[in-house]
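Q: Okay, sequence plus prediction incoming.
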Number of protein chains: 2
Amino acid sequence: MSKLLLVEDEPAVRMGLRISLAKAGHQVLEAASASEGWERLPQADLVILDWMLPDEPGVRLLERLRRDGRFESLPVLMLTARTGEGDRVEGLTKGADDYLTKPFSTPELVARVQALLRRVGKSGRLERGALSLDLERHQAYLEGHALDLTRREFELLAFLARHPGRVYTREELLERVWGQEFLGTARTVDQHVAQLRDKLQEDPKSPRFLETLRGVGYRFRE
Amino acid sequence: MSKLLLVEDEPAVRMGLRISLAKAGHQVLEAASASEGWERLPQADLVILDWMLPDEPGVRLLERLRRDGRFESLPVLMLTARTGEGDRVEGLTKGADDYLTKPFSTPELVARVQALLRRVGKSGRLERGALSLDLERHQAYLEGHALDLTRREFELLAFLARHPGRVYTREELLERVWGQEFLGTARTVDQHVAQLRDKLQEDPKSPRFLETLRGVGYRFRE
DNA sequence: ACGTCCCTGACATTCCGCTGACAACCCTGT
DNA sequence: ACAGGGTTGTCAGCGGAATGTCAGGGACGT
């Protein structure tokens, strides 16, 4: 279940998409204008963005969003009534991850949304050796049988497992797993790593999954 | 400059795309069949995959590739002559990241390739002969296999390797790697260079990487 | 109210970075 | 060549920062 932000001024289109996307198991946030969309960006896992909006063109919102570091990797799918190939190209070069021309088929939109989410790693399954993560069910399996992980534990594990080998500092983890609004200490991360290690039955000195890089941070073993 | 693997049996199409993609600054690897494509996968940063191939359907290659852990996150763009929407959806659900229907416009293909590559992000790698540094993983490789470097060691090596041939005094290194707040002696640098040389298996008298300039400082060999 | 989960603070432990001492080396001047 | 001073290589040990661990309090939902 991912949070999709739908920025579209036509109420009829919005409603149709909301229903189809909800049926596919997503939570849909809606915005009827670019400015409203901008405000809700922080909560979104993916954005479906109409080209034409009442206050400003969708591409402008897209440009602004890409320049903001927080949304660099936020997937954006653009919708347009225009058929000119020039616009398709413009949308993609400006940073859209995908593009659909109206009229489009709803199943195709849903499929493209799934494909994008899978790319970002917000959907589907992650297989990492003996460890398996079902991102939709928020369920982890170690050697086949289910683990009892809390929400934070699962999210932390999923985040690290999504980018195996890559190191993250505690600060990065706090920002990306906990969210920008978190203010506490960086040691909190250690605590959750310790919990995870316990449940994953791994020894911190010879970890199977969660490696410590002293002075740097943590990383998921490749 | 990224390495794109083009799996396409029509020589004419291959040639056209090779030229356009090369013009966009990419290196193009080519394969005329699924089996040939499979062999070249390890060298690719992105795959452009035709739906119809002489030996097996492109989607089958796609499925196999997604199941192999090494290529989980390798971006794949599918090409097809079919117009049926069912196939477009099938391609995406099977793990393609994007999809284009023939005939397609070459600029659009290039734009979509760029969008996908941007998603994978900057490589953050330094290649210096037998030595390879992955900056975001904080991991160094010598002749392919991983080195176990501490934080300071890695940072020092990375700094020197970033500017090969240029000499740095101990004081400069202390300032730029350790930071201005460091107050200790300059001999500390020597110690870390020695450690690095040890781990890089190099003889101080005939160094492969870290040269001493007596009375001046250290430099990374070009 | 109870249990669960998240976070924090305190304490234990590990290991890295730094230093100081000494050895080896290089350059210079005689 | 040789001596001498200066520079760099090497080694081992210490101190402390970074991390592991534990227990408890507070918030939240049931």
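A: Received the coordinates, thanks.

Q: ranges for the strands of chain A?
A: Along chain A, the stretches classed as strands by DSSP state E are A:3-7, A:27-31, A:46-50, A:76-80, A:98-101, A:125-128, A:131-134, A:139-142, A:145-147, A:167-168, A:210-213, A:217-220.

Q: quick one: pLDDT of the residue nearest the centre of chain A?
A: By CA atoms, centre = their mean, the mean C-alpha position of chain A lies nearest to residue A:45, the distance being 4.1 Å. At residue A:45, the pLDDT value in this model is 86.

Q: near DNA strand D, which residues of chain A?
A: Residues of chain A lying close to DNA strand D (CB under 7 Å from any atom of the strand) are A:170, A:187, A:190-191, A:193-194, A:197, A:204, A:212-217. Every C-beta, even on glycine, is put in place using the N, C-alpha and C of the backbone.

Q: before we move on, back to that, can you tell me which of the strands of chain A is most buried?
A: The highest mean neighbour count among those belongs to strand A:46-50 (a mean of 25), with neighbours defined as mean count of other CB atoms under 10 Å in any protein chain shown.

Q: Now look at that one and say if it contacts chain B.
A: No - contact of strand A:46-50 with chain B is not found when judged by CB under 8 Å from any CB of the partner chain; the minimum separation is 12.6 Å.

Q: orientation of that strand relative to strand A:76-80 in degrees?
A: For strand A:46-50 against strand A:76-80, the angle by axes from the mean of the first three to the mean of the last three CA atoms, to 10 degrees is 20 degrees.

Q: Near chain B, which residues of chain A are found?
A: So far as CB under 8 Å from any CB goes, chain A lies against chain B at A:73, A:85, A:88-89, A:92-93, A:95-98, A:105, A:107-108, A:111-112, A:114-115, A:118-119, A:127-128, A:165-167, A:213-216, A:219.

Q: Helices along chain A, start to end?
A: Under the criterion DSSP state H, chain A contains helices at A:11-23, A:34-40, A:58-67, A:85-93, A:106-120, A:151-162, A:170-173, A:187-199.

Q: Run through the neighbouring helices and strands of the last one.
A: Judged by 3 or more CB pairs under 8 Å, 6 or more residues apart in numbering or on different chains; DSSP states H and E, helix A:187-199 is in contact with helix A:151-162, helix A:170-173, strand A:210-213.

Q: touching DNA strand C at all, that helix?
A: Yes - shown here: helix A:187-199 in contact with DNA strand C (CB under 7 Å from any atom of the strand) through A:187-188, A:191-192.

Q: which among the residues you listed gets closest to chain B?
A: If you rank those by distance to chain B using CB to the nearest CB, residue A:187 comes first, at 18.3 Å.

Q: Quick check: that closest one vs residue A:174, distance?
A: In this view, residue A:187 and residue A:174 are 10 Å apart by CB to CB, to the nearest Å.

Q: neighbour count winner among those two?
A: Neighbours were tallied for residue A:187 and for residue A:174 using other CB atoms under 10 Å in any protein chain shown; the higher tally belongs to residue A:174 (19 against 8).

Q: Out of the residues of chain A next to chain B, which end up buried?
A: Of the members of the residues of chain A next to chain B, the ones counted as buried by neighbours, 16 or more other CB atoms under 10 Å in any protein chain shown, are A:88-89, A:92, A:95-98, A:108, A:111-112, A:114-115, A:118-119, A:128, A:166-167, A:213, A:216, A:219.

Q: Which residues does the residue of chain A found nearest DNA strand D form beta bridges with?
A: Of all residues in chain A, residue A:212 sits closest to DNA strand D, at 3.8 Å by CB to the nearest atom of the strand. Taking DSSP bridges as the rule, residue A:212 bridges to residue A:218.

Q: just checking, it touches residue A:204?
A: Yes - Residue A:212 is in contact with residue A:204 according to CB atoms under 8 Å; the separation is 6.8 Å.

Q: thinking again about what came up before, will you turn the helices and strands packed on helix A:187-199 into CSV that also has mean pLDDT and distance to DNA strand C?
A: Converted to CSV, the helices and strands packed on helix A:187-199 look like this (pLDDT from 0 to 100; distance: least, CB to the nearest atom of the strand, whole Å):
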stretch, mean pLDDT, distance to DNA strand C
helix A:151-162, 93, 3
helix A:170-173, 88, 11
strand A:210-213, 95, 9
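
Q: any weak-confidence spans in chain A?
A: Along chain A, the model assigns pLDDT under 70 to residues A:1, A:68-70, A:82-89, A:91-93, A:121-123, A:180.

Q: at 80 what do you get?
A: Low-confidence segments of chain A, defined by pLDDT under 80: A:1-2, A:25, A:42-43, A:67-73, A:81-94, A:102, A:119-124, A:136, A:179-181.
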